[in-house]
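# task: produce atomic coordinates for the following.
(chains A and B)
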Amino acid sequence: MHEYTIEPWDHLVDSATSEADLEQYVPPELEKMAYEVISHYDMSVSEMTLITSKPDKGGAIWKIETNHGPRSIKVLHRQPTRSLFSIGAQVYVVGQGARVAPLIPTKENHLYVQAGGKLWIVTDWITPLEQLMKIDLEGASALCYGLGEFHRHTRGYVPPTGSAKSSRLYRWNQYYEKMIQKIGWFRDIAHAYPETVASPHLLSVVDKFEQQALDMYEKFKQSSYRKMIAKGEAHWGLAHQDYGWSNGQQGPGGIWVIDLDGVSYDLPIRDLRKIITSTMDDMGTWDLEWIRGVIDAYHQANPLDQETFELLWIDMAFPNEFYKHVKEVVFEPVNFMNTELDAILDRITLTESNKWEVLSELAKDKEKYLPGDYSEEEVIYDVTPNPVVLGNTEFKNNSEFKKSDTSKAQQNLLSTFEEPKKSKSKESKKSETKKFLQEPESLRSRIQRIQAVNSIKSKNSSNKDQLVDLDLLLKSILEDDLPKLLKKMNEEKPSKTLKNTERPSSTKSVKKRKFNSNSEFESIIAKVQRKKLEHERKTKKKK
Amino acid sequence: MNVLLICTEMLPVPNIRGGAIQTYICGVSHLLSEQHQITIISRTDPDLPDEEVVNGLRYVRIDSQRLLDIYKEGIVKYLSETEEKYDIIHIFNRPKLVLPVSEVAPNSRIILSMHNDMFKPEKISRAEGAAAVEKTDKIITISKYIGQTIVSYFPEAEPKIVPIYSGVDLSRFAPWMKSESALQARKAIRSKYDLGSKKIILFVGRLSRNKGPHVLVKAMSEVKSKDAVLVIVGAAWFSDDRVSDYIAYTRALADRSPIPVITTGFVQADEVHNWFCAADVFVCTSIWEEPLARVHYEAMAAGLPFITTARGGNPEIVQNDNGYLVQNPEDPSEYANYLNKMLSNLDYTREMGLRGRKMVEENFTWNHVANNILSVWESIPSEN
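Numbering: from 1, shown residues only, chains lettered A, B, ... in the order given. Below you'll find the predicted structure:
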């Protein structure tokens, strides 16, 4: 691959080209590089169309017509290590059965190509995909149901070795503090530029919004946030961070989620909050029925507990839209305050008029949700030893990948037409557990196959089984024996791990699950096990 | 003794790319090597060989791509393959390296140096943090404050904590009233930036909300001395990269400041001292709980009186009337009051600065730091 390094090209904007024009443009070197990347794949391309680009960051996506049907090729604009986190997530959620396009492997069985200092990926172009009707409650509910499904499938994700973890889970405090701080900046700027048109207007509303933010921050501090995040990143899974009508679209089997580049660990309801408050902003008024509808839809796919609902409410109550639209004032204060800001403030004030009435009504819904179990205080952030392992590390065994490829296709087929998971009763769990005990051999081979979807086995890390003995782990933590345990887990062969795992985890997972009607309360590990068992059962039935 | 120092995965040693920990290691390593055999592990760098011996110090550089996991693997590989038997492995600021290192080098004693709040729950799990404390013989902390934070998460760490303050190179930082070369540097840079005999208020550091220089910019509206100027070293209003909203905000305020505010852009580590020589008052505006910023030592060594904030370890350095402590770092008036006091009586202000210089000479040279580290190393019983 030649030496072109991908850099942003937004400096090419001039009087003749608008920013919109530029999003339909990539430098010729980049396009040439796209063809070089394509040559790494077992496909012949007859047509290539630029869909859109990110001139300010150096990213782009093309639609390509290939002998395997339409596909997309995308250069991810972020740092390679950061992109790897997202690529790992994409591989993981596909393995979990999410409606997300699987990554196509290269001829050398790599799941991405590094070129020009960035990572490139190829996926099938899912057809047909249709954008749902915006604002219309039915469309919005479908969109949020799809979001809930996506979130559920991200739980348990552990990023591949060598990737830069992205997490906002522990940063809600900082996020809110920053918002409060920046609202203070708005006041400072308005004071410093009193001669501008919108300065008096901004000064007349800034106190109110600042007070709202401060009040909500107090409420946030009293919330269960601390206890919730103690469950750790893998427990909560990922937020998409840019979910909406273009990144969640109606396709075969339901909502397909696209553009996973920006995923990060978070309380995933952050995504839901953004959809709600930005839609209220679009509507120009707060609509209780609409809000209730989309929260319900989400809840059907990824059940909320009381604590999570309360946090969603708090997040909605912050002056998000005021903050979002005014924050630009710091860059060109004179210009912005003399031209746009006045109208923006008018619109925000109008939308604001029934916000609190709607929110106080919505607060009553809290009773609809079951309280969550946040009694375990121990934090297990990242001892889960089963990161997603991607290709492009060391490929010892190519045939293994091919095997995984078939099982991946199979799994997608299953998951695409799968009904949304209903909560399992204690009884069915027990029978699953029995099966687990009786048939360790077939399960092991099953797991290995499923694992191969997520991972190309290379080093010992990929041999680690997805099953982790939680009880043994906790015990060893209490006995201050963690290093030994970690070492043990690293050394153990899959079969051995299974053997050790089956007894305590299976009995415990049945006994412990007080809230078994709600998947929210399951430990990730139990959940991973359950999913595998379900999958195995289904495969059996098919046979 | 045979001692291995392990730097963080971020920047190489020597500190050709800057870095507080790298500067610290450079400051003490040659002194430590007078008594013991020293190897330093840091990350690879295109401008440095992966292995070299310079002035009796052995450098080993391991690829990290700025990721701890990758670095960790490399270190474990190195330790499992090396023939060396290290009596002490001294790890800097990465408690997460303790377990993997102790596993592969079970006969080495482990010392940890903590420069930041890396034991906090976001950074390390309760279980791993406790295990790391257990495996460590002593934990050196850059300030008492950092020691207290560790104890707040892991009370059992308390008997292992040894605060050792950082140091400064006295040959580079000197008061212009006492040193001819410092005086020349002062004149040169003032003439280069056309600052004449203005009273220079100096801020050195990143332009970020945590570092708080915007409050200082706001304070300029209340500064009475008309011949004052605020110099922000280390950052620029305009850069090739995207300007952060914080920089934009601070710039918007500076544009309307009655006292001129200038930024210098990035200044090489080996040239920063010139600005300390040129200034009259140094201000550290930390809003966050700063472990204890290096710049205090540098300001004092240059004979500069300072204003700092009651955050983190910063108050520990305010002693013997060498500076002032701002209680609320978000209140511009507090800064303005002290600045007005200092700028209206420069003679007294300079005496404050010389008291700070004396304090550095007596406590905060690299010799002091190295001796303190040696006494920690020598206090722990050898396994062999």
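
# separation between A:Tyr298 and B:Tyr193?
58 Å (Cβ to Cβ, to the nearest Å). For every residue, glycine as well, the C-beta is placed using N, CA and C.

# comparing these two, which shows the higher neighbour count?
A:Tyr298 (27 against 16; other Cβ atoms under 10 Å in any protein chain shown).

# what sits against residue 287?
Because you didn't say which chain, this covers chain A. A:280, A:358 (Cβ atoms under 8 Å, 6 or more residues apart in numbering or on different chains).

# that's the other chain; I wanted chain B
Applying Cβ under 8 Å, 6+ apart, the residues contacting B:Ile287 are B:209-212, B:215, B:309, B:311, B:329-330.

# a markdown table please, covering those and showing neighbour count, distance to A:Pro333 and secondary structure.
Below are those laid out as a markdown table (neighbours: other Cβ atoms under 10 Å in any protein chain shown; distance: Cβ to Cβ, whole Å; DSSP: H, G, I helix; E, B strand; the rest coil):
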| residue | neighbour count | distance to A:Pro333 | secondary structure |
| --- | --- | --- | --- |
| B:Arg209 | 21 | 18 | coil |
| B:Asn210 | 14 | 23 | coil |
| B:Lys211 | 23 | 22 | coil |
| B:Gly212 | 26 | 21 | coil |
| B:Val215 | 24 | 18 | helix |
| B:Thr309 | 26 | 27 | strand |
| B:Arg311 | 23 | 29 | coil |
| B:Pro329 | 24 | 24 | coil |
| B:Glu330 | 15 | 21 | coil |
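
# name the helices or strands packed onto the lengthiest strand in chain A?
Criterion DSSP state E: the longest strand present in chain A is strand A:45-54. Helices and strands touching strand A:45-54, by 3 or more Cβ pairs under 8 Å, 6 or more residues apart in numbering or on different chains; DSSP states H and E, are helix A:28-38, strand A:59-66.

# and with 6 Å instead?
strand A:59-66 (3 or more Cβ pairs under 6 Å, 6 or more residues apart in numbering or on different chains; DSSP states H and E).

# next SSE downstream of the strand it packs on?
Sequence-wise, the next helix or strand downstream of strand A:59-66 (DSSP states H and E) is strand A:69-76.

# next, the angle from that following strand to strand A:59-66.
Angle of strand A:69-76 versus strand A:59-66, following axes from the mean of the first three to the mean of the last three Cα atoms, to 10 degrees, is 160 degrees.

# quick one, strand A:69-76 and strand A:45-54 angle?
40 degrees.

# who does strand A:69-76 pair up with?
Strand A:69-76 has its sheet partners listed here by DSSP bridges as strand A:59-66 (antiparallel), strand A:118-124 (antiparallel).

# tell me which element B:Arg61 falls in.
With DSSP H and E as criterion, B:Arg61 is part of strand B:57-62.

# starting at the chain centroid, how far to whichever helix or strand comes after that strand?
For strand B:57-62, the following helix or strand on the C-terminal side (DSSP H and E) is helix B:68-81. Put simply, helix B:68-81 sits 26 Å off its chain's centre (Cα atoms, centre = their mean, to the nearest Å).

# quick one, helix B:68-81 and strand B:57-62 angle?
120 degrees.

# residues touching helix B:68-81, excluding its own?
A:161-162, B:9, B:62-64, B:100, B:104-105 (Cβ atoms under 6 Å, 6 or more residues apart in numbering or on different chains).

# ok, of those, which come out buried?
Neighbour-count burial (16 or more other Cβ atoms under 10 Å in any protein chain shown) is assigned, among the contacts of helix B:68-81, to A:161-162, B:9, B:62, B:64, B:100, B:104-105.

# restricted to helices, list those.
If you go by DSSP state H, those have B:100, B:104 in helices.

# report the two of the buried ones among the contacts of helix B:68-81 separated the most.
A:Gly162 and B:Ala105 (24.1 Å; Cβ to Cβ).

# what's the pLDDT at A:Asn109?
A:Asn109 is assigned a predicted lDDT (pLDDT) of 94.

# am I right that it is in a strand?
No - with DSSP: H, G, I helix; E, B strand; the rest coil as the criterion, A:Asn109 is coil rather than part of a strand.

# so where do the strands sit in chain B?
B:2-6, B:37-43, B:51-54, B:57-62, B:88-92, B:109-114, B:138-141, B:161-163, B:199-204, B:228-233, B:261-263, B:281-283, B:306-309, B:323-326.

# partners of the third one, with directions?
Translated: strand B:51-54. strand B:57-62 (antiparallel).

# report the angle between the strand it pairs with and strand B:2-6.
40 degrees.

# next one: strand B:57-62 to chain centre, how far?
22 Å.
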